[in-house]
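1. Here is my input, please return the structure:
(one chain, ligands or ions: 1)
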Amino acid sequence: MGECPIKEVNTGGGGTRNSDWWPNQLKLNILRQHTNVTNPLAKDFDYAAAFKSLDYNGLKKDLEALMTDSQEWWPADFGHYGGLFIRMAWHSAGTYRVFDGRGGGGDGQQRFAPLNSWPDNVSLDKARRLLWPIKQKYGNKISWADLLLLTGNVALESMGFKTFGFAGGRPDTWEADESVYWGGETTWLGNDVRYAGGNEGVAGHGVVDGDQSSKNHSDIHTRDLQEPLAAAHMGLIYVNPEGPDGIPDAAASARDIRTTFGRMAMNDEETVALIAGGHSFGKTHGAAPAGDNVGKEPAAAGLEAQGFGWENKFKSGKGPDTITSGLEVTWTATPTKWSNKYLEYLFKYEWELTKSPGGANQWVAKTTDEIIPDAYDANKKHKPTMLTSDLALRVDPAYEKISRRFLEHPDELADTFARAWFKLLHRDLGPRSRWLGPEIPSEELIWEDPIPAVNHALIDAKDIATLKKEILDSGVEPSAFISTAWASASTFRGGDKRGGANGARIRLAPQKDWKVNNPEQLSKVLNVLEGIQKKFSGGSKKVSLADLIVLAGVAALEKASGVSVPFTPGRTDASQEQTDIESFKHLEPYADGFRNYGHSSGKVTTEQYLVDRAHLLKLTAPELTALVGGLRALNANYDGSANGVFTKRPGQLTNDFFVNLLDTNTAWKAKSREIYEGFDRKTGEKKWVGTRADLVFGSHAELRALSEVYGSSDGQEKFVKDFVAAWDKVMNLDRYDLA
Ligand code: HEB
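-> Model prediction:
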């Protein structure tokens, strides 16, 4: 086998590529995903409208019937597919991570590589294919993304568990999402990169960039998982079931579980409930060693496999002979019925290390009780078994306390599991205004980042004109209004649809104190705006601070550009009580090139952080370019510095940033890794200072091409138009109410 066969392929896509020649070059590919070039549905296809015409109860009935409709080609364990479908839904949603809001079940990405071929997702190819007749029947009225999760919910219900509800509303994507950093390892189940350097990460706020060399990174009791990752191995959703790196150490497993589940937004209680609740159902599959028995994963399998993978040559290759994880465990005596037996057995028995028929580390109860049914042979019974990661719930002192409480109070386990499961499935669906269907719970949950409904008449055109005048007459520098509006709106991230200007959380902890928001300037601006709000809000009239912050940016921008800038009222103000401070901390940028804040860490450059953030803001490369050039001209750096402000008339929306950056009369020199100085070639006079986030627009060929458009003599008008459109887009990223 050659190194990389595609390189020798002389058709489109083959050959040695730019990313082979220059692996470190800044890539913009993540800014051009999921466009209507890849989407087969009509441009005006409205998933919410399609979903509303869905026969939801009919669909649920069909799913319920499928649970026990065992198919010859992939028989159901214990005559019920419930366990398999719960695992499918859990693995779909469970890739979510708090640091960048990416992963999760919101895009139906389990259909595409790498997820469809992850070693942790073995046999889920079968689970999804079992669903095809139902997907086919309901067509575009139900997305795969919604269907994969709803099926897990229905599986729970059909086995006697009362769920907390369900909301649809996840439109499908049509290509593999390249934006997610899944780790740097090149072998499945590897974890050498993620534990190599402490906490350094792509989008995490807690990036540690110091000397980590004193630490033994391979020590399973002390190692730190790289941010933003939330899995202990390449290709796993969370942790190794056999224990860290396969070592059957339940205490160390608890440590990995706490880290990874914490990064899925779950606390100890939710974590225990999810594992105990989930493993009340189904079984694991390790009839024989995978070795020569199991074929290639879907992405590498032959055409005849038709999207299936892991063809199993062991005996029948299915049913009792299935090889999935290689472990062979059935947790309870009633694997197709909700019960409290998982915790009962966990504490009732002592556990002895053993091997599965597949050769993996697992645990068997020291007892003669053969109480566990066989999935296929009614005459066979087994002793209770557990995974190392299950024993973590008993061995870890904090988990143990919770587990024992749940053991004594099954109702508490049921309630916590129901809520944690609902959160797991809906964490990245975004605000309630996106939720669809008849099963939406009425209780408002803190992780929704709730925002009050509009309960007053919105400001009209006349009010807007009055307010704009007061804003501009307030004596505050217009650039400070622009910075504040940007700071407010640009917390948005497309992955989990958190953040954004709505709610005016910029005035609340923790955002008000973020260094990137220049707290001193911010509080001054907010004071002024609150004064304007108070004065305006006499009698029947009201304006939210959230609207006012955006409107102030709009007014300042109109002044700076001389053109009119769109504004759509309708935001409301969230309270501090509606704001989970710990959870909002994850939205703080480590670096934000739009405001020239922060800089490279050990492995990630400032410009990579910039593109990463542009992706979170759902921007295209032209939008990114226009916004950075405009924000520099508007003098909107977080600290008011002149970095990148390549203009003699700061505060005006001109294309000067591009004109001056592209000026051949300037010679640039690196002053440090982050700071560059531009000198007049003739006089040697220092003209400009810029950062990596500025210079990249002249150095990177594609960004330079875009900069040339805006920096040309016919570019100014287009630039203003594009900047205003991109600005408006950012201000409204979270306005799902506008549709
Ligand atoms: Fe689980 C299964 C691991 C969590 C639910 N898991 C399973 C398995 C394993 C595991 C290995 C087997 C696979 C096969 O088939 O072979 N998990 C695990 C871990 C964890 C978990 C390590 C962390 C600690 N789970 C979980 C959760 C849930 C679950 C959270 C939910 C909620 N699982 C589950 C189920 C199952 C499993 C249901 C069964 C499946 C069947 O039956 O098929």
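2. and the residue nearest in space to the middle of the chain, what element?
-> Per Cα atoms, centre = their mean, the C-alpha nearest to the average position across the chain is that of Arg102, at 1.6 Å. Counting by DSSP states H and E, no helix or strand carries Arg102.
3. same deal with Thr334?
-> Per DSSP H and E, there is no helix or strand for Thr334.
4. One more: Tyr342?
-> helix 341-348.
5. need the residues of the stretch 201-350 of the chain near the ligand, please.
-> 238-239, 241, 257, 274-275, 277-279, 281-285, 324-325, 327 (Cβ under 6 Å from any ligand atom). Glycine gets a C-beta too; all of them are placed from N, C-alpha and C.
6. if we go to 5 Å?
-> 238-239, 241, 257, 274-275, 278, 281-285, 324-325 (Cβ under 5 Å from any ligand atom).
7. So what touches the helix holding Tyr342?
-> 276, 279-280, 331-334, 365, 384, 386, 390-391, 393-394, 403-404, 406-407, 413 (Cβ atoms under 8 Å, 6 or more residues apart in numbering).
8. continuing past it, what's the next helix or strand?
-> strand 351-355.
9. Could you list every helix and strand in contact with that following strand?
-> When contacts are defined as 3 or more Cβ pairs under 8 Å, 6 or more residues apart in numbering; DSSP states H and E, strand 351-355 packs onto strand 361-365.
10. Which residue does the stretch 451-600 of the chain have closest to the ligand?
-> Asp496 (18.6 Å; Cβ to the nearest ligand atom).
11. Which residue, neighbours along the chain excluded, lies closest to Pro75?
-> Gly319 (4.3 Å; Cβ to Cβ, 6 or more residues apart in numbering).
12. show me the contacts for the residue nearest to the centre of the chain.
-> 96, 177, 179-181, 228, 495-496.
13. Give me the subset of the residues you listed lying in helices.
-> With helices taken from DSSP state H, there is no overlap with those.
14. Which pair in those residues has the greatest spatial separation?
-> Within the contacts of Arg102, two members stand farthest from each other by Cβ to Cβ: Tyr181 and Asp496, at 15.3 Å.
15. Comparing those two, which residue is more hemmed in?
-> Counted by other Cβ atoms under 10 Å, Tyr181 and Asp496 do not tie: Asp496 has more neighbours, with 24 against 20.
16. list the contacts for that one?
-> Contacts of Asp496 by Cβ under 8 Å, 6+ apart are 96, 101-102, 104, 106, 427-428, 430.
17. could the residues you listed be laid out in CSV, adding distance to the ligand and pLDDT?
-> Converted to CSV, those look like this (distance: Cβ to the nearest ligand atom, whole Å; pLDDT from 0 to 100):
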residue, distance to the ligand, pLDDT
Tyr96, 12, 98
Gly101, 20, 97
Arg102, 19, 98
Gly104, 14, 97
Gly106, 18, 98
Arg427, 13, 97
Asp428, 16, 97
Gly430, 22, 96
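18. Those, buried ones only, as a ChimeraX selection?
-> Restricted to buried positions by 16 or more other Cβ atoms under 10 Å, the ChimeraX selection for the contacts of Asp496 reads:
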select :96,101,102,104,106,427,428,430
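19. Rebuild the contacts of Asp496 as TSV, extending it with distance to Lys313.
-> Listed next are those as TSV, based on distance: Cβ to Cβ, whole Å:
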residue	distance to Lys313
Tyr96	35
Gly101	41
Arg102	36
Gly104	35
Gly106	36
Arg427	39
Asp428	38
Gly430	44
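20. how about the strands in the stretch 451-600 of the chain?
-> Applying DSSP state E, counting those that start in this stretch to the stretch 451-600 of the chain gives no strands.
21. Pass me the low-pLDDT residue ranges in it, would you?
-> Low-confidence segments of the stretch 451-600 of the chain (pLDDT under 70): 539.
22. again with the stretch 151-300 of the chain
-> In the stretch 151-300 of the chain, residues with pLDDT under 70: 198-217.
23. again with the stretch 601-739 of the chain
-> For the stretch 601-739 of the chain, no range has pLDDT under 70.
24. Assumed Val604 was part of a helix.
-> No - Val604: not assigned to a helix; according to DSSP: H, G, I helix; E, B strand; the rest coil it is coil.
25. quick revisit: among the contacts of helix 341-348, which are located in helices?
-> Short answer: the contacts of helix 341-348 in helices (DSSP H) are 276, 390-391, 393-394, 403-404, 406-407, 413.
26. among those residues, which two are most distant?
-> Farthest apart among the ones in helices among the contacts of helix 341-348 by Cβ to Cβ are Leu391 and Leu413. That separation is 17.7 Å.
27. what helix or strand does Gly717 sit in?
-> For residue 717 the amino acid is Glu, not Gly. Assigned by DSSP H and E, Glu717 falls in helix 715-731.
28. meant to ask about Phe697
-> Residue-wise, Phe697 maps onto helix 692-699 under DSSP H and E.
29. tell me which strands and helices that helix is in contact with?
-> helix 606-616, helix 621-633, helix 656-661, strand 675-680, helix 701-711.
30. With just CA atoms, put the second one into PDB.
-> Provided in PDB are the C-alpha atoms of helix 621-633 (Å, rounded to 0.1, in the frame of the first residue of the first chain):
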ATOM      1  CA  ALA A 621     -14.300  34.800   3.600                       C
ATOM      2  CA  PRO A 622     -15.500  38.000   1.900                       C
ATOM      3  CA  GLU A 623     -17.600  38.900   4.900                       C
ATOM      4  CA  LEU A 624     -14.600  38.300   7.200                       C
ATOM      5  CA  THR A 625     -12.400  40.500   5.000                       C
ATOM      6  CA  ALA A 626     -14.900  43.400   4.900                       C
ATOM      7  CA  LEU A 627     -15.600  43.200   8.600                       C
ATOM      8  CA  VAL A 628     -11.900  43.300   9.700                       C
ATOM      9  CA  GLY A 629     -11.100  46.100   7.200                       C
ATOM     10  CA  GLY A 630     -14.100  48.100   8.300                       C
ATOM     11  CA  LEU A 631     -13.600  47.600  12.100                       C
ATOM     12  CA  ARG A 632     -10.000  48.800  11.700                       C
ATOM     13  CA  ALA A 633     -11.000  51.900   9.800                       C
END
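31. Tell me the residues on this protein that lie near the ligand, please.
-> So far as Cβ under 5 Å from any ligand atom goes, the chain lies against the ligand at 83-84, 86-87, 90, 238-239, 241, 257, 274-275, 278, 281-285, 324-325, 389.
32. among the residues you listed, which ones are buried?
-> Buried members of those, counted by 16+ other Cβ under 10 Å: 83-84, 86-87, 90, 238-239, 241, 257, 274-275, 278, 281-285, 324-325, 389.
33. can you tell me the average pLDDT over stretch 69-80?
-> Averaged across stretch 69-80, pLDDT comes to 98.
34. That one spans what distance, first to last residue?
-> Stretch 69-80 has an end-to-end distance of 8 Å (criterion: Cα to Cα, to the nearest Å).
35. How about it, which residues are buried there?
-> So, applying 16+ other Cβ under 10 Å, buried residues of stretch 69-80: 70, 74-78, 80.
36. picking up where we left off before, tell me which two of the contacts of Asp496 sit farthest apart.
-> Arg102 and Gly430 (13.7 Å).
37. By neighbour count, which of the ones in helices among the contacts of helix 341-348 wins?
-> Going by other Cβ under 10 Å, Leu393 tops these with 28 neighbours.
38. Phe85 touches Met67, doesn't it?
-> Yes - contact criterion Cβ atoms under 8 Å: Phe85 and Met67 qualify, at 7.4 Å.
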